[in-house]
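Student: Sequence plus the predicted model coming up.
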Amino acid sequence: MTRTIDRENTKIAAAKKMRDIMTTYYLDALSAFQNNRQVAWITSGGPVEPLVAMDIIPVYPENHGAMIGSAKMGEELCSKAEEMGYCADLCAYARADIGCSVAKGGPIGGLPKPDMLICCNNICGTVLKWYEVQARYYGVPLFILDTPVCHTGFFPETAAYVKAQITEYIGFLETVTKRKLDMDRLNQVGHLSFEGQKLWQQVLRTTAHKPSPMSAFDAFFFLALIVTLRGTTTAVDFYRELLAEMNDRIAKGISVVPDEQYRLLWDNLPVWHRLKWLSKKFSDHKACLVADTYTSAWCGAIQYIDPDNFLDSIAQAYTRIYLNIGIDQMADQVLDMIRFYDVNGLVMHSNRSCKPYSFGQMDIMHIVHKKTGIPVLMLEADMVDPRSFSESQMDTRIDAFMEIILQRGTTLKG
Amino acid sequence: MKDRDPMKELMPFYQAVEDPAALGRSITHKKIIGTLCSYTPEELIYAAGFHPMRLFSSSKEIHLAHNHLQTYCCSVVRGVLEDSLSGHLDFLHGAVFPHTCDSMQRLSDIWRLKKRYPFFADVILPAKMNTPSANAYMAAVLERFKADLEADGGITITQQALADAVHLYNRIRSTLSSIYAHKSKYPASLTNRDIHALVKGSMLMDRQQTAGLLDKVARRLASADPAAEHAQNRGTKRLILSGSVCDMPGLYDLFQDTGAAVVGDDLCTGSRWFEGLTDEDDDPLAAITRRYARRMVCPAKHRGLHTRAAALVEKAQRLKADGVVFVLLKFCDPHAFDYPYIKGFLDDAGIRSLVLELDDSQDSLGQLATRIETFIHMI
């Protein structure tokens, strides 16, 4: 994730600091072994707070996957996994990570070897299979936090099951580290996690302002800290600063897209290997992707978190996240975002790598279209593997979509 | 092993698999609940007075499901949705969706929002099958499903009804297992296609009727002359199939034509559905939960890091298989993730394997024929 904002005058100052923090984080993780610290690989939606409280360095293969995609190394590493027998239709994060583990390649020369693996299936069933593969490869213990999908609700048996597993999770960590979890420390981390998520939410909400001080492309970049350093003062301090900068930009009328005319909502993971191209493409149409359903997932379950009763409340908070609910509830959230950010259109990334995010998108599209009438564009691509991306086709489709938005805008005004 | 007409005891099974929808429409004495997965607690559906009927994709072409599912969704999920949207399944009273893979998870949502049938239920199974908390959760999930069925039927499912259902299902499972074992011992006693018809038919037909018909098949097989059967089996290559849904009779024929017999499998539409009995001297729900915990897992479930591969190697050795054929549905992620490591286990055990990536709806098996022939001749 090394994107730079290409327009000098609209550059977000915090970006440099963010890159420095991430560099330090990865250096710490890569030198964990020399410093006698343990490393846990954890899924992006997993409860990281107990790891932070126990001074275990959390490492996120998904964040690494995004880096691989941004560095345009996806094809090479995915191919490596395919040579090992993994089908090319599997999630590209998983393929790139599996390939990278063997090839020791990638933008940072591979992730540090894990001492343990923590897999929370609230985002997909793929992570279960992926982490099984890595548990066999590295020969390290795997903890699975199973968060049953809430198609229509969060049931008492679900709550009891996930709560029981949170206790098992702590027990697992204590066994692997041979240390006890300090509950006071966990409560501090819980407060910081909650604070970080609140600030992240506030940052994302600044884009409700017209013109928007940042875009979803910036959110894709600034997301890294709330994922990897959730529960630390580093994340809290950083987002406080970023929020101040956004508010300052609003006060000064600085928009990320010059002469913003249209506001769009993005659905699904980013196309990491074409961020710059897509950003410019929409910007050229004076369209700003003001929000997205992806980065907001890291503050989407905030209403379930009780910072004063953290451990008990995270069972619900980690189970009821955006992807782990029914598509009708997802559509409701999309509709809320359409209203809150006052957008003119919805762009859906039909992501071959992510079935739980992509299947159901068409139903959400129909619901959105019926309830709001705004145009919806569905683009088929892949978050990391560039082989599913056709630039010319994408170019034509975005032009046609923006033409509809423009005509509609004219009609509405006229 | 030449083509021949199936024995008369098999005809009802062949008729059932020929046109499951016609069979569904002909069942009028019970409301029908569609099932999509071998983890469906069918005993509960049966005990509630419904007829549980496995849904298979009959759709060669996708038109209506295109509006709901992208092309990178497996043919089973897309095909079953197409069948539903086209009215092909209008005989259903409803359907039940056990939680397995990501695609089924979203099919459940899409299906529920379509509101085509009076009854709908999710059975949100745990992903782990090997921990006490997961087993406790599983028991609670079955209780919820029981309550859903009771609410729909306006009935109470009695312990006796459940015990009777467990008994009937045990009868079906044990007879199917013994028939399959017979086929394994005397591969020429049944064709590969017979096995497909027997298993699939058993998932479709009225359960009482199925149990009776399977008994007849088992009796007929038992009456054959072992010496004559032995004589027919020389030179037969013994295969095990591994995968999820395998509903391609033509594929079974291809194996037959190349002189190979399917002597066992690890399929959702195979032994994962009928292997292992439910304890009859315990509380039925607790016993059903325990059967699931012990049963061979589908790769969407976790029961250890090497469980599936070790079990497949063990089965291949026990059944003296000459080879394993992976019949993987295109876009089936859980199986595709497991394939490399399971193949590694088979390699290490000296068991040859072949992987076929299939689209459930494909007509032409011609392109596979050469690969299959080469493989069979090689093993």
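Tutor: Done, it's in.

Student: what pLDDT does the residue nearest to B:F97 when sequence neighbours are not counted get?
Tutor: Leaving out its chain neighbours, the residue that sits closest to B:F97 by Cβ to Cβ, 6 or more residues apart in numbering or on different chains is B:S108, at 3.8 Å. All C-beta spots, glycine's among them, are computed from the backbone N, C-alpha and C. In this prediction, B:S108 carries a pLDDT score of 98.

Student: So what's the residue count around B:S108?
Tutor: By the other Cβ atoms under 10 Å in any protein chain shown criterion, the neighbourhood of B:S108 contains 28 residues.

Student: B:M378 now?
Tutor: Considering only other Cβ under 10 Å, B:M378 is surrounded by 11 other residues.

Student: Tell me who's in contact with it.
Tutor: Contacts here follow Cβ atoms under 8 Å, 6 or more residues apart in numbering or on different chains; on that basis B:M378 touches B:R352.

Student: what's the distance between B:H93 and chain A?
Tutor: According to Cβ to the nearest Cβ, to the nearest Å, B:H93 stands 19 Å off from chain A.

Student: Doesn't that residue belong to a helix?
Tutor: No. B:H93 sits outside any helix when classified using DSSP: H, G, I helix; E, B strand; the rest coil, being strand.

Student: any idea how far it lies from B:S108?
Tutor: B:H93 sits 17 Å away from B:S108, taking Cβ to Cβ, to the nearest Å as the criterion.

Student: for A:A287, same thing?
Tutor: A:A287 is 35 Å from B:S108, by Cβ to Cβ.

Student: Quick check: closest non-adjacent residue to the closest residue to chain B within the stretch 301-414 of chain A.
Tutor: Closest residue of the stretch 301-414 of chain A to chain B, Cβ to the nearest Cβ: A:F359 (3.7 Å). Distances taken as Cβ to Cβ, 6+ apart put B:R106 closest to A:F359, at 3.7 Å, once the chain neighbours are dropped.

Student: Touching, the one you found and A:G360? I think so.
Tutor: Yes. Counting by Cβ atoms under 8 Å, A:G360 is a contact partner of B:R106 at 4.5 Å.

Student: what touches both of these two?
Tutor: A:I327.

Student: Okay, and the beta partners of A:I118?
Tutor: A:I42, A:F143 (DSSP bridges).

Student: Give the helix, strand or coil label for A:I374.
Tutor: Under three-state DSSP, A:I374 falls in the coil class.

Student: wait, isn't it in contact with A:G345?
Tutor: Yes. Counting by Cβ under 8 Å, a contact exists between A:I374 and A:G345, whose distance comes to 5.4 Å.

Student: So which of those two has more stuff around it?
Tutor: When A:I374 and A:G345 are compared on other Cβ under 10 Å, the one with more neighbours turns out to be A:G345, at 23 against 17.

Student: Let me see the contact set for B:H335.
Tutor: If you count contacts by Cβ under 8 Å, 6+ apart, then B:H335 has B:G243, B:S244, B:P299, B:F326, B:L328, B:L329 around it.

Student: Count the neighbours of A:R179 for me.
Tutor: Counted with other Cβ under 10 Å, the neighbours of A:R179 add up to 13.

Student: And it, how far from A:G139?
Tutor: Between A:R179 and A:G139 the distance, using Cβ to Cβ, works out to 22 Å.

Student: Please see if stretch A:122-139 touches chain B.
Tutor: Yes. With Cβ under 8 Å from any Cβ of the partner chain as the threshold, stretch A:122-139 lies in contact with chain B, specifically through A:C124, A:G125, A:T126, A:L128, A:K129, A:W130, A:E132, A:V133, A:A135, A:R136.

Student: could you measure A:T175 against B:A140, distance?
Tutor: Separation of A:T175 from B:A140 (Cβ to Cβ) stands at 27 Å.

Student: if we can go back for a sec, mind checking which helix or strand the residue nearest to B:F97 is in?
Tutor: Secondary structure here is read from DSSP states H and E; on that basis B:S108 sits in helix B:102-114.

Student: Name the residues that touch that helix?
Tutor: With contact meaning Cβ under 8 Å, 6+ apart, helix B:102-114 is reached by A:124-126, A:149, A:151-152, A:326-328, A:355-356, A:359-360, A:363, B:36-37, B:68-69, B:73-74, B:77, B:80-81, B:84-85, B:95, B:97-99, B:120, B:122, B:331, B:333.

Student: from those residues, which ones fall inside helices?
Tutor: Secondary structure assignment by DSSP state H places A:T126, A:I327, A:D328, A:K355, A:P356, A:D363, B:V77, B:V80, B:L81, B:S84, B:L85, B:D333 of the contacts of helix B:102-114 in helices.

Student: farthest pair in those?
Tutor: Distances among the ones in helices among the contacts of helix B:102-114 were taken as Cβ to Cβ; the most separated pair is A:T126 and B:L85, at 26.8 Å.

Student: what element comes up after the helix or strand of chain B with the lowest mean pLDDT heading to the C-terminus?
Tutor: Least confident element among the helices and strands of chain B, by mean pLDDT, DSSP states H and E: helix B:226-232 (a mean of 74). Later in the chain than helix B:226-232, the nearest helix or strand by DSSP H and E is strand B:237-243.

Student: and stretch A:223-243, how far out from the chain's middle?
Tutor: Averaged C-alpha coordinates place stretch A:223-243 at 14 Å from its chain's average position (Cα atoms, centre = their mean, to the nearest Å).

Student: which parts of that stretch are buried?
Tutor: If you call a residue buried by 16 or more other Cβ atoms under 10 Å in any protein chain shown, then stretch A:223-243 has these buried ones: A:223-232, A:234-236, A:238-239, A:242-243.

Student: One more: stretch A:195-212?
Tutor: For stretch A:195-212, burial by neighbour count (16+ other Cβ under 10 Å) applies to A:195-207, A:209, A:211-212.

Student: For chain B, just list every one of the strands.
Tutor: B:32-35, B:51-54, B:92-98, B:119-123, B:237-243, B:260-266, B:323-329, B:352-358 (DSSP state E).
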